[in-house]
Structures are given as structure tokens and as C-alpha cells.
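Visitor: the sequence and its predicted three-dimensional model are supplied below.
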Amino acid sequence: MSAKAKSKDRRRVLNRDALRDYEILDKLEAGIELMGTEVKSVRAGSVSLKGAFARVLNGELFLLNMNISPYEQGNIHNHEPTRERRLLVHKRELLRLKASIEQKGHSIVPISVYFKGSRVKVELGVGRGKTRHDKRETIKRKTADREAARAVARSTRR
């Protein structure tokens, strides 16, 4: 597959809040069960992962609070924007996720939604919530790294 085709298949919608508010300990790719109008809306980029999370209900994994805007050309068969959506994972992955979220303070958050070929995939992360102190520490580290990169760039230009 060419680089151009690969980049076209990997259009991503990121959940920046999850990366800021959670320390991601483990990542997992899952399929998502969608209706036809939902796929068209995802392809158009009308997805919001803000406040979304995954939960194990009745032995299945569901994604809650993910907002997929109704498809503009949809008719009476259009979808509900924030309905529960079933995630498709293997049983052993589900058991591993279930065991990891039973620990205090851990939760499953969607990191990104993207296309892999013609299928919509969700990247999930098992995360532990960051405290205000941890968030400040992350910001300080990013700022220091950015300033160091600028200093290196300035010294190499001369």
C-alpha cells in the first residue's frame, strides 16, 4: 500500500482531553458496531469523544457518551447521536480489560477513532486519572522539551 493510500485510511479523530486527564497505561484497538448513517458521519469527521468512556455491561464492552452527529442527508432512519455503541473485542481482551479496570481509579477511555480500510476502529486506553499536580508536571515537562528543541534549532541555524 502506498504512503498516500495509507494516510487516507488513517484519518483520526483524537480525544485530547483523555490524553491530558489520564495517564494511559495500556492501549487496545477495537472495532465498533455502527449504523450506516453513523459511518457516513464518521467519514465526514462529525465525531466528538469528549466525555466518552467504555464500560463492560453484561459481558460485552460498550462505548458511552460518544457523540456522532446525525448525517445531514439522513432520513427518518437517522441515528441517535449519543447512543450506546458495542465495541468488538476478543473474549480474552475483554477479560483483561475487565481485570484492569477493577483496580481503583482505572477506567477505559477512547483515545481516537479512525478508519482502517473500510472499517471504523477505536483506540482504547486503560488510564488512571491524573491529579492536578500530575497535570502541572506534564505541562512543565512539555514546555521544557519545547524550549530545548528551540535552543537546538537556533544553535544549528548559525
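Guide: Perfect, thanks for sending it. Numbering: from 1, shown residues only.
Visitor: give me the number of residues near the residue lying closest to H77 once chain neighbours are set aside?
Guide: Excluding its sequence neighbours, the residue lying closest to H77 (Cβ to Cβ, 6 or more residues apart in numbering) is T37, at 7.0 Å. Using the backbone N, CA and C atoms, a C-beta is placed for each residue, glycine as well. Residues lying near T37 (other Cβ atoms under 10 Å) number 18.
Visitor: might you report the residue contacts of the residue most central in space within the chain?
Guide: Of all residues in the chain, the one closest to the mean position by Cα atoms, centre = their mean is I111, 2.1 Å from it. Applying Cβ atoms under 8 Å, 6 or more residues apart in numbering to I111 gives the contacts 14-15, 18-19, 24, 27, 123-125.
Visitor: same thing but 10 Å
Guide: 12, 14-16, 18-19, 22, 24, 27-29, 49, 122-125, 127 (Cβ atoms under 10 Å, 6 or more residues apart in numbering).
Visitor: can you show me the strands along this structure?
Guide: Counting by DSSP state E, the chain has these strands, from start to end: 12-14, 22-32, 47-48, 53-57, 60-64, 67-68, 85-88, 106-116, 119-129.
Visitor: for D145, find the nearest of the ones you listed.
Guide: strand 22-32 (17.4 Å; Cβ to Cβ).
Visitor: give me the mean pLDDT for stretch 146-158.
Guide: Across stretch 146-158, the average pLDDT comes to 87.
Visitor: quick one: distance of it to the chain centre.
Guide: Its chain's C-alpha centre and that of stretch 146-158 lie 33 Å apart, by Cα atoms, centre = their mean, to the nearest Å.
Visitor: repeat for stretch 113-121
Guide: 12 Å.
Visitor: lowest mean pLDDT across the strands of the chain, which one is that?
Guide: Among the strands of the chain, strand 12-14 carries the lowest mean pLDDT (a mean of 82).
Visitor: the single longest helix found in the chain: which residues count as buried?
Guide: Counting by DSSP state H, the longest helix found in the chain is helix 132-157. For helix 132-157, burial by neighbour count (16 or more other Cβ atoms under 10 Å) applies to no residue.
Visitor: ok so, going back, got CSV for the strands of the chain, with distance to N78 too?
Guide: Converted to CSV, the strands of the chain look like this (distance: least, Cβ to Cβ, whole Å):
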stretch, distance to N78
strand 12-14, 20
strand 22-32, 18
strand 47-48, 15
strand 53-57, 24
strand 60-64, 19
strand 67-68, 11
strand 85-88, 15
strand 106-116, 19
strand 119-129, 17
